[in-house]
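K.L.:
Sequence first, then the predicted structure:
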Amino acid sequence: TTGTPVSIASGTQPITAEVHYMPAGDANPVTITAATYNGNNLPTSTVTGSLEIMPANNYNGNFSLGGDVTAGSLLLWENSAGTTLTLDTSGYNITTTYKFLVGSRSNGTNRPVTLKNTSATVSTIDVGTDLQIDQSTSPSGTRQIQSDNINFLVAGNWSNYDTYTFTAGNSCTVTFDGTADQTIITDGDAFNNLTLNNTGASGSDDIIISNTLDVDGTLTITDGDLDIGTNNPAVNTAGDVSIGASGSVTKGSGTWTFDGSGTSTWTDSTSSGQDLGAVTIDGTSKTINLGSAVKATSLTVTDTLDTTASNYGLTTSGNIAVAGTLTANGSSITCGGDWANSGTFTAGTSTVIFNKSSGTQTLTSGGTGTGKLFNHLTHSGAGTLQLSTNNLDVDGNFNNSAGTLDLNSLTLTLSGSGSGLMSNSA
């Protein structure tokens, strides 16, 4: 339809071809009322059941929803250079059987397209296959989703290309709920809350990340595998991280950073524990509390990590470096690599276990004063535990059950008491 504003009545429309809303005139906004567009194909120029929203040539388009809309696919297109297109969901919902596209109908310059919700009522956009921000081969201009008060359910892939923007609103949750492998191309744009709930069979439930994964709110892995091993992206999480009993993580070589500010919780409810890879606690006055036992390949603490009064365990196969504060309470901490403390280690009643199976792992205590000493310390690895740089003070029991302890011309002080103070069964 080209010309004056139009309104499509509620109900199922007998659509046999693609529907186009193309109003002429910048001052004439179009309100799209509740409607259903039946179709079962991906969008092309002749597909049945797709809803295509774009301005007429050389005009700006200002669209808003006046009701919930269901379509085979929904496409938000610019139509000519220098024009703009905006769709305001206005608190209503969109459901597609197939693709949802915010992008360019053809190559060109200065063609901004925006999806937003100005209502205080949250809209839900439920996408049956892929959500894509731009698909032209030589795009220019801003294609953006402003996700304040919009939640997304995506059963297929998420593709955010080039310079185009997904702006994560504070009330936005994106949920990936496919039944087969899904790919997320982020272009580095942050999500607010991100939920992974892929119910595909094991081996076909991967959510594969490309580009940095940045989550400013809560990351919840309910079901499916977060695959950061295929493309090795960095992961930044500013809120809680929760891995459900049916969730998993395939680690990569990128660093997983708990950033942001305030206090967040790291919880892993799987039976075997998920190794997040190289983990760094590095925000602005950031504290990470453990909500369960957790695993990492290596751990660097430049802010604060607290195992909490529940005494949850911490296991690394590699190094632990403390430049901030590590509060151990009564937990068991297992270190498979080197230990270096240039910050504060509050040992509490904890036990630290060094278990490297071969070679040498070094222990740099940082000194023997407050924030440097250990409570119980066990060396159970078949390799060598070697002191480095500083003397070592153990206030509880020291147990060398395997391998070799190398003092390296430094001093080990046992400050505790009792018959189990020193044990060497290696």
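P.N.:
Yep, it's here.

K.L.:
where does the protein have low pLDDT?
P.N.:
Scanning the chain with the threshold set as pLDDT under 70 gives 1-49, 55-59, 78-83, 104-111, 134-143, 162-165, 417-421, 423, 425-426.

K.L.:
which residue is nearest the centroid of it?
P.N.:
Centroid-nearest residue in the chain: residue 215, 4.6 Å away (criterion: Cα atoms, centre = their mean).

K.L.:
Make sure it is actually in contact with residue 236.
P.N.:
Yes. Counting by Cβ atoms under 8 Å, residue 215 does reach residue 236; the two are 7.0 Å apart. Quick note: C-beta positions are derived from backbone N, CA and C, even for glycine.

K.L.:
which neighbours do the two share?
P.N.:
residue 190 (Cβ atoms under 8 Å, 6 or more residues apart in numbering).

K.L.:
Please name the nearest non-neighbouring residue to residue 130.
P.N.:
residue 156 (4.0 Å; Cβ to Cβ, 6 or more residues apart in numbering).

K.L.:
Can you give me the neighbour number for the one you found?
P.N.:
20 (other Cβ atoms under 10 Å).

K.L.:
check contacts around it.
P.N.:
Contact analysis of residue 156 by Cβ under 8 Å, 6+ apart lists 99, 127, 128, 129, 130, 131, 178, 182.

K.L.:
partners of residue 197 in the sheet?
P.N.:
On the basis of DSSP bridges, residue 197 is bridged to residue 223.

K.L.:
Burial check on it, number of neighbours?
P.N.:
Neighbours of residue 197 under the rule other Cβ under 10 Å: 19.

K.L.:
wait, it sits on residue 222?
P.N.:
Yes. With contact defined as Cβ under 8 Å, residue 197 counts as touching residue 222 (4.3 Å).

K.L.:
Make TSV out of the contacts of residue 156 and add neighbour count, secondary structure and distance to residue 341.
P.N.:
Putting the contacts of residue 156 into TSV (neighbours: other Cβ atoms under 10 Å; DSSP: H, G, I helix; E, B strand; the rest coil; distance: Cβ to Cβ, whole Å) gives the following:
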residue	neighbour count	secondary structure	distance to residue 341
99	22	coil	52
127	25	strand	48
128	18	coil	52
129	17	coil	50
130	21	coil	48
131	25	strand	46
178	23	coil	44
182	24	strand	41
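
K.L.:
I'd like to know how far the residue nearest to the centre of the chain sits from residue 269.
P.N.:
According to Cβ to Cβ, to the nearest Å, residue 215 stands 18 Å off from residue 269.

K.L.:
Repeat that for residue 283.
P.N.:
Distance, residue 283 to residue 269, by Cβ to Cβ: 24 Å.

K.L.:
Over to residue 280?
P.N.:
Distance, residue 280 to residue 269, using Cβ to Cβ: 23 Å.

K.L.:
Of the two, which one has the most company?
P.N.:
Taking neighbours as other Cβ under 10 Å, residue 280 and residue 269 compare with residue 280 leading, 20 against 16.

K.L.:
Please tell me I have it right and that one contacts residue 303.
P.N.:
No. In this structure residue 280 lies outside contact range of residue 303 using Cβ under 8 Å: 9.1 Å.

K.L.:
Now for the two: what residues contact both?
P.N.:
Counting by Cβ under 8 Å, 6+ apart, the residues touching both residue 280 and residue 303 are residue 258.

K.L.:
Would you mind giving the contacts of residue 156 as a markdown table with distance to residue 121 added?
P.N.:
Converted to a markdown table, the contacts of residue 156 look like this (distance: Cβ to Cβ, whole Å):
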| residue | distance to residue 121 |
| --- | --- |
| 99 | 25 |
| 127 | 20 |
| 128 | 23 |
| 129 | 26 |
| 130 | 26 |
| 131 | 21 |
| 178 | 27 |
| 182 | 28 |
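
K.L.:
residues touching residue 212, list them.
P.N.:
Going by Cβ under 8 Å, 6+ apart, residue 212 touches 186, 188, 233, 234, 235, 236.

K.L.:
Could you export these as TSV, including secondary structure and distance to residue 90?
P.N.:
Shown next, in TSV, are the contacts of residue 212 (DSSP: H, G, I helix; E, B strand; the rest coil; distance: Cβ to Cβ, whole Å):
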residue	secondary structure	distance to residue 90
186	coil	27
188	coil	30
233	coil	35
234	coil	36
235	strand	34
236	strand	32
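
K.L.:
May I see the ChimeraX selection of the buried members of those residues?
P.N.:
The buried residues among these can be selected in ChimeraX (16 or more other Cβ atoms under 10 Å) with this line:
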select :186,233,234,235,236
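
K.L.:
Generate CSV for the contacts of residue 212, with distance to residue 353 as supplementary columns.
P.N.:
As requested, the contacts of residue 212 are exported to CSV (distance: Cβ to Cβ, whole Å):
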residue, distance to residue 353
186, 37
188, 38
233, 31
234, 29
235, 27
236, 30
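
K.L.:
And the furthest pair within the contacts of residue 212?
P.N.:
188 and 235 (11.9 Å; Cβ to Cβ).

K.L.:
what's the overlap in contacts for the two?
P.N.:
With Cβ under 8 Å, 6+ apart, residue 188 and residue 235 have common neighbours 212, 214.

K.L.:
Residue 384: neighbour count?
P.N.:
Residue 384: 18 surrounding residues under other Cβ under 10 Å.

K.L.:
Please disregard the earlier target; I meant residue 299.
P.N.:
As a measure of burial, residue 299 has 25 neighbours, counting by other Cβ under 10 Å.

K.L.:
got the contact list for it?
P.N.:
So residue 299 contacts 279, 280, 281, 305, 314, 316, 319, 320, 321 (Cβ under 8 Å, 6+ apart).
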